[in-house]
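J.: I would like the atomic coordinates for the input below:
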Amino acid sequence: MPVDADSAQSLAKNLAAWREAKPTVMKRQLDLLAARYDLANRADKDARMSRGKALQSGVRVRLPEGLSWEKLAAMTPAEIREKGLFPAGFLPLPHPDHPAGGMLFPKSHIVAVLEAENRDLTRVDLDFDLPAHFMPDYPPAIYLTTRPDLGDVSQGQLVTRNNYYELFAGILNPKQLEGLRLLVTPFAQQQFNETFDRRCEKPSAGVACLDCHSNGHTNGATHLVGDIRPQQFRHRIETPTLRGVNIQRLFGSQRALKTIEDFTEFEQRAAYFDGDHVIASKKGVNTLDRASQVHPMAEFQELLAFPPAPKLRWNGKLDPALATPSELRGQEVFFGKGQCSTCHAAPYYTDNSMHDLKTERFYKPQDVNGMRVVGDGMIKTFPLRGIKDSPPYLHDGRLLTLEDAVEFFNLVLELKLTEQEKADLVAFLRAL
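T.: As a prediction, the model looks like this:
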């Protein structure tokens, strides 16, 4: 981004150009999604997220013509790579406009924030790409480690500047309440600010931390990681939940920040501005004070609990008296043949480490809608507790359902799971 003077004339010119290009840009991305996935709305008749939204069921990644999952799993990575048979839906997912990048919010959140605060998170140049039925519950439930007796404390509302106090006064201490206030306060961001090179039509107060991490969870908002250059090599990031950050020791999908305080400060100083501190100064970076602002924000985040899992015992494993036979069989696969527990150890189903799956064994470097696909590299092991509440899956949201995730790891880890073992593993994951 340039740092020299811009003007209202340049903004008007940019807005016109973006509006003209938007249909072409969005068609290119939506065509990619339709080619990669079955995007139909097929809700599971039984499985529900914490606030009642149905999970989408079934494998949605499309296979190359003439292949079955069994045939593909029988091939070696080298054979799959040479024949170009790695499913496109397993490749890294590009941003809807990868050359531009930036924060992009689902329609549900844009509408809710506009109604609650008269603050518009609409981008002139782009719409969110993934269908709403693959997104998390909205607004999500909020569970607190300090008050498990209260259950969902959100009362079905999206927490904003206008209601955070009435919802949490008397539940949080003063420092935690101040941390929450800062988390719902918008600050200038690369695409949403008051300069003439913004991506919103009107000058904007900016973006709040909980605009992506709605109610301390996620609404599926997307961005590009700030630490990779050049632009085409940057990875799409799907917003992870903040639930359970108190038991985590690494933050950021690849940066491996060591504390939630580090991550909170990093987001404001760098990630909000695509890792460019010069542009951050131009657009109005909010430089947080570590003691009086970052620490209260972190203290609130560390109260966010995983959703209840009534079938789990104290050690994170199933209670045989409550679990179904399929869930129990899935647990055996998870801790045995599936090798899932190598990284996702009970009770929270993370090893607080990073791993490289070396997915590039299966495909050749290629360009996809402005993204250079060369591999995933080191990725944080995210906790699997409450995983049913956090679709889509993997760090960039390329896996739309838990069935997709099971097929992905079955192939990449060369597990050779049977159809029954895959179904049982999905049942177990839904119980976590």
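J.: Run through the stretch 1-150 of the chain and note the low-pLDDT ranges.
T.: By pLDDT under 70, the weakly predicted segments of the stretch 1-150 of the chain are 1-5.
J.: now the helices for it?
T.: For the stretch 1-150 of the chain, the helices defined by DSSP state H, counting those that start in this stretch cover 8-36, 69-73, 77-83, 107-117.
J.: how far out from the middle of the chain is the longest one?
T.: Relative to its parent chain, helix 8-36 has a centroid offset of 23 Å by C-alpha atoms, centre = their mean, to the nearest Å.
J.: Show me the domain layout of the chain.
T.: What automatic domain parsing lists as the domains of the chain is 1-10+99-308, 37-91+311-432.
J.: just the helices of the stretch 1-150 of the chain: most buried one?
T.: helix 107-117 (a mean of 17; mean count of other C-beta atoms under 10 Å). No exception for glycine: its C-beta is placed from N, CA and C like everyone else's.
J.: continuing past that helix, what's the next helix or strand?
T.: Per DSSP states H and E, the first helix or strand lying C-terminal to helix 107-117 is helix 164-168.
J.: In that next one, which residues are buried?
T.: Going by neighbour count (16 or more other C-beta atoms under 10 Å), the buried part of helix 164-168 is 164, 167-168.
J.: Mind putting the domains of the chain into CSV with distance to P23?
T.: What follows is these, written out as CSV (distance: least, C-beta to C-beta, whole Å):
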stretch, distance to P23
domain 1-10+99-308, 10
domain 37-91+311-432, 15
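J.: To R19, which of those lies closest?
T.: Closest to R19 of these is domain 1-10+99-308 (C-beta to C-beta; 6.3 Å).
J.: rank the domains of the chain by pLDDT, which is bottom?
T.: Looking at those, the lowest mean pLDDT belongs to domain 1-10+99-308 (a mean of 94).
J.: roughly how far out does it sit from the chain middle?
T.: 12 Å.
J.: Contacts only, for D97.
T.: 25, 29, 125-126, 370 (C-beta atoms under 8 Å, 6 or more residues apart in numbering).
J.: Ramachandran angles for it?
T.: Torsion angles at D97 (phi, psi; degrees, to the nearest 10) stand at phi -140, psi 90.
J.: cool, and D356?
T.: Dihedral angles (degrees, to the nearest 10) for D356: phi -110, psi 110.
J.: Which one of the domains of the chain lies nearest to E20?
T.: domain 1-10+99-308 (10.0 Å).
J.: and L15, what does it touch?
T.: 124, 201.
J.: Could you rerun that using 10 Å?
T.: 124-125, 196, 198-201 (C-beta atoms under 10 Å, 6 or more residues apart in numbering).
J.: How about F192?
T.: Contacts of F192 by C-beta under 10 Å, 6+ apart are 102-103, 105, 119-123, 186, 198-200, 202-207, 211, 272, 283.
J.: Restricted to buried residues, select those in ChimeraX.
T.: Of these, the buried ones go into a single ChimeraX selection, burial set by 16+ other C-beta under 10 Å:
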select :102,103,105,119,121,122,123,186,198,199,200,204,205,206,207,211,272,283
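J.: among the contacts of F192, which are in strands?
T.: Under the assignment DSSP state E, the contacts of F192 contribute nothing to strands.
J.: Can you pick out the most distant pair from the contacts of D97?
T.: Maximum distance among these (C-beta to C-beta): 13.5 Å, for D125 and G370.
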